[in-house]
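Asker: this is a predicted model, with the sequence first.
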There are 2 protein chains.
Amino acid sequence: MAAIETYLNEHSEAFLKELFELLRIPSISADPDCANDMATAARWVADKLAAIGMKSEVIPTKGHPIVYGESPKVDGAPTVLVYGHYDVQPVDPLDQWVSPPFDPEVRQGRIYARGATDDKGQMLTHLLSAQAWLQTEGRLPVNLKYLIEGEEEVGSEALSAYVAENTEKLACDCIVVSDSGQFGPGQPAITYGLRGITCCEIVVQGPNRDLHSGSFGGSITNPALALARILSGLIGDDGKVQVPGFYDDVVPLTDLERKQMAELPFDETQYMGQVGVPDTWGEAGFTALERRWARPTFEINGLTSGYQGTGGKTIIPARASAKISFRLVPNQSPETINEGIRAMVEKLALPGVKVEVRGMHGAPGLLVPLDSPYVAAASKALEHAFGRAPVMTREGGSIPVVATLHKQLAADTLLLGWGQDDDNAHSPNERFLVEDFYRGIRASARLWEEIAQI
Amino acid sequence: MAAIETYLNEHSEAFLKELFELLRIPSISADPDCANDMATAARWVADKLAAIGMKSEVIPTKGHPIVYGESPKVDGAPTVLVYGHYDVQPVDPLDQWVSPPFDPEVRQGRIYARGATDDKGQMLTHLLSAQAWLQTEGRLPVNLKYLIEGEEEVGSEALSAYVAENTEKLACDCIVVSDSGQFGPGQPAITYGLRGITCCEIVVQGPNRDLHSGSFGGSITNPALALARILSGLIGDDGKVQVPGFYDDVVPLTDLERKQMAELPFDETQYMGQVGVPDTWGEAGFTALERRWARPTFEINGLTSGYQGTGGKTIIPARASAKISFRLVPNQSPETINEGIRAMVEKLALPGVKVEVRGMHGAPGLLVPLDSPYVAAASKALEHAFGRAPVMTREGGSIPVVATLHKQLAADTLLLGWGQDDDNAHSPNERFLVEDFYRGIRASARLWEEIAQI
């Protein structure tokens, strides 16, 4: 691998130049005016794959095209599927950008541009690492498949359909995704679990119009009160969700996981200060980190009812509604959980109102066993590139498309994020440390070797 | 009283003409452009009082003027204070009026104009009845005081201050207010009780910004959930308010009251159909009518938190708030109740959030004993004028200014409404049955006689 290391060092400027090329394409998937730019970006990725020596294709969809690439066949070697995306978030508010979002520049060791970290910069590391292998060794130690979509920021609809219809084409032993971050500056992480999610809206319909609370109050069920009772009844004093059977399928934290999480440098006081709360709260019997990463939760995302202006208005509102979501963990099934939620909401409803649960949809969580050989391989690759062993983390958020890949392809999934918490993904002045870009390429190049040796 | 009856019959057209004069003045208290019209209307009322033979004055205030009138002193006779208001509601939406709001006309036996029933038409009945007495008998059987304000529709601020400073001047045995309605068409009512009220806003502050519910969920108290638990905890499964001591001072319904309410033609099924609810609900152990009129309640008037747009947004909102109100009944003290609410809200708060109770203010309810001689006198007067004995009702709503008068002057208060439910007070095409106007004058004229005979 010495030749590869030399290649990486000698081509660092060329790599940066290539990333800048891609960053200059304003591929905002949410913006209909960017349709041509989306096609240009897809083409750029496909051309890059071809230039490295991959079979590549641009696959049209109802939405933005998917780019697929495949490395020259290596018999007997494992197959790794790299997932990434070439689309980016909108750039508003534009006036808060120090340099224009599609005119990348390096300041104080950081690449500033929309898409720098999310996900053009991170995605590209896995192409450049393959290039280094092929240019120096003339071969790759593994079979690589690339699935690079253009709709990650708008729901991955086309990709989900494509994956469902092409499980054989996409078959692999392991999925690698670099679309997140390290645990902290210089502290790499392997994210081996994601939470799932299920969302819905509860709508409580009371009287056919807002009523005078004096004339009618006492005889008519107040829909906002009925809603409050439903929401309140969904969780117990111990912070546990009260839906019957809710925890039945939860994969418990292992002793090893709890030990690893406890050893992470997580300062709860600092955390509270950062978000401005006087205390943490949640499910009894677990630490804050355990609850964030590995336990299911119930959250109210929004409440609406009656009069919301200044002063008061003494009405019984005609209706009240809440947007709610539950984070799920492996192996909770969104479908089973949804049935339980529906039944519980119905049970908690007061008489005199009509309660509806609307727009229910969900995605499962995912979990890679900590003793997976792919986790071990990634761990060695990251330690090599970052000079420090990675910590094992889970992620509280949900990445539905990754959960879909994981489920459809039934392969261990590794989230190897090269970014930082403060990279401003989705915000003005998105950035990516030049050093993280290079370490990502180096880690990726080593990863193929480590996986080959499993 | 035969001469009076004749006088009333002979002057019916003149009375209507006078009411039209007053209705033509666009005295919208909420509209700064109507300042001159407010002065004109106050002057009109004062002049009318003087023309009848009363001492009258226009009292300037920080807001709109108060009109005060006093009849020639009748030694040894009881004193009645008539409260009314010459200001009217705004007229929007103007395009829904069939005839212009300040160009009164009679259609199908109804006077159409802003202020027809609320309150110019009703208020004027008590001046015209006195006129009939003085023109025919040359005397009044009681002492009358008139307190006619111009800020009823905007909060009665000036009046409240004036009453507090002039309790001796306004001293009386009984207060009469005609600013409401009959129980139904042709079925007069004496309203002998009003509910009080206390209002506030509960604000729950969570993190210093909306947080990603995946990354943070499980460790941070969701302020919307904390709010739901507070609101839900304020009321029990039996519909009873859970604030300790809440019911301690409640004057219980007497057997007579319960019997009278049960006998009223109140069709619960029709009532539910009218407001479009599948069931009624409230405090256990009471009928819907008892709960609306004579039992305290808790209502949520509005809820606000987090994301309220279309679709979903998986956040932990930074804050959540609810506008709430409690209807009170005699003898609950708003001050004592407010203390209890504050303490209960604090007790119900989850850890990890900051809870504030804001803008608390209230007004007590009022209750005239059913065996009050003034109730009996009014009953006879109404039966005489409407050809039917009045029913005894209480009102679920609160009229803070009436509660203030009742409390400050410590006098029995009678709400003798001549209007109808469908008179469109506060709405386009406000109206007042010509017949109700005349019956009101007749009832008022008789009332002075009946009170004199107590």
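Answerer: Received the coordinates, thanks. Everything numeric here is computed off the predicted structure, so don't read it as measured data.

Asker: write out the residues of the stretch 101-250 of chain A neighbouring chain B.
Answerer: By Cβ under 8 Å from any Cβ of the partner chain, the part of the stretch 101-250 of chain A that sits against chain B consists of A:195, A:197, A:199, A:201, A:206-209, A:211-222, A:224-225, A:227-229, A:231-233, A:235. Using the backbone N, CA and C atoms, a C-beta is placed for each residue, glycine as well.

Asker: pull out the buried residues from those.
Answerer: For those, a neighbour count by 16 or more other Cβ atoms under 10 Å in any protein chain shown gives the buried set as A:195, A:197, A:199, A:201, A:206-207, A:211, A:213-222, A:224-225, A:227-229, A:231-233, A:235.

Asker: run through the residues that contact residue A:312.
Answerer: Counting by Cβ atoms under 8 Å, 6 or more residues apart in numbering or on different chains, residue A:312 touches B:199, B:201, B:301, B:323, B:325, B:359.

Asker: pull out the buried positions in the host helix or strand of residue A:343.
Answerer: Using DSSP states H and E, residue A:343 falls within helix A:334-348. By neighbour count on 16+ other Cβ under 10 Å, the buried set for helix A:334-348 is A:334, A:337, A:338, A:340, A:341, A:342, A:344, A:345, A:348.

Asker: now stretch A:87-107
Answerer: Buried, per 16+ other Cβ under 10 Å, within stretch A:87-107: A:87, A:88, A:89, A:90, A:91, A:97, A:101, A:102, A:104, A:106.

Asker: tell me what the last one is bridged to.
Answerer: Applying DSSP bridges to residue A:106 gives these bridge partners: residue A:111.

Asker: hmm, it is touching residue A:435, no?
Answerer: No - the pair residue A:106 / residue A:435 is not scored as a contact, 11.1 Å apart, by Cβ atoms under 8 Å.

Asker: helix/strand/coil for whichever residue of the stretch 351-454 of chain A sits closest to chain B?
Answerer: Closest to chain B within the stretch 351-454 of chain A is residue A:397: 2.8 Å, counting by Cβ to the nearest Cβ. Here residue A:397 takes the coil state, with states given by DSSP: H, G, I helix; E, B strand; the rest coil.

Asker: ok, it - contacts?
Answerer: Residue A:397 neighbours (Cβ under 8 Å, 6+ apart): A:194, A:195, B:212, B:214, B:215.

Asker: determine which two of those are furthest apart.
Answerer: Distance extremes for the contacts of residue A:397: the farthest pair is A:194 and B:212 at 13.3 Å, using Cβ to Cβ.

Asker: tell me how far the helix holding residue A:343 lies from the chain's centre.
Answerer: 26 Å (Cα atoms, centre = their mean, to the nearest Å).

Asker: that one packs against which elements?
Answerer: strand A:196-205, helix A:223-233, strand A:319-328, strand A:354-363 (3 or more Cβ pairs under 8 Å, 6 or more residues apart in numbering or on different chains; DSSP states H and E).

Asker: any residue of the third one touching chain B?
Answerer: It stands for strand A:319-328. Yes - Strand A:319-328 is in contact with chain B by Cβ under 8 Å from any Cβ, via A:320, A:322, A:323, A:325, A:327.

Asker: okay, the last one and residue B:156: tell me how far apart.
Answerer: From residue A:327 across to residue B:156, the span is 52 Å (Cβ to Cβ, to the nearest Å).

Asker: quick one: contacts of the helix holding residue A:343?
Answerer: A:196-198, A:200, A:202, A:229-230, A:233-234, A:242-246, A:249, A:326, A:328, A:355, A:357, A:360-364.

Asker: break down the stretch 101-250 of chain A into its strands, ranges please.
Answerer: A:105-107, A:110-112, A:143-149, A:174-177, A:189-194, A:196-205, A:211-212 (DSSP state E, counting those that start in this stretch).

Asker: where among those strands is the average confidence lowest?
Answerer: For the strands of the stretch 101-250 of chain A, the weakest mean pLDDT is recorded on strand A:211-212, namely a mean of 91.

Asker: now do that strand: everything it contacts.
Answerer: Residues contacting strand A:211-212 (Cβ under 8 Å, 6+ apart): A:220, A:314, A:315, A:316, A:318, B:275, B:397.

Asker: so can I have CSV of these showing pLDDT and distance to residue B:48?
Answerer: Converted to CSV, these look like this (pLDDT from 0 to 100; distance: Cβ to Cβ, whole Å):
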residue, pLDDT, distance to residue B:48
A:220, 95, 42
A:314, 89, 34
A:315, 92, 37
A:316, 95, 40
A:318, 96, 43
B:275, 91, 40
B:397, 90, 29
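
Asker: ok, the buried residues of helix A:334-348 vs residue B:143, which is closest?
Answerer: residue A:348 (59.5 Å).

Asker: any idea how far that closest one lies from residue A:235?
Answerer: Residue A:348 is 11 Å from residue A:235, by Cβ to Cβ.

Asker: do residue A:185 as well
Answerer: 36 Å.

Asker: for the residue most central in space within chain A, give me the pLDDT.
Answerer: In chain A, the centroid-proximal residue (Cα atoms, centre = their mean) is residue A:399; its distance is 3.5 Å. In this model, residue A:399 is scored at 87, pLDDT.

Asker: and residue A:126, by the same measure?
Answerer: 98.
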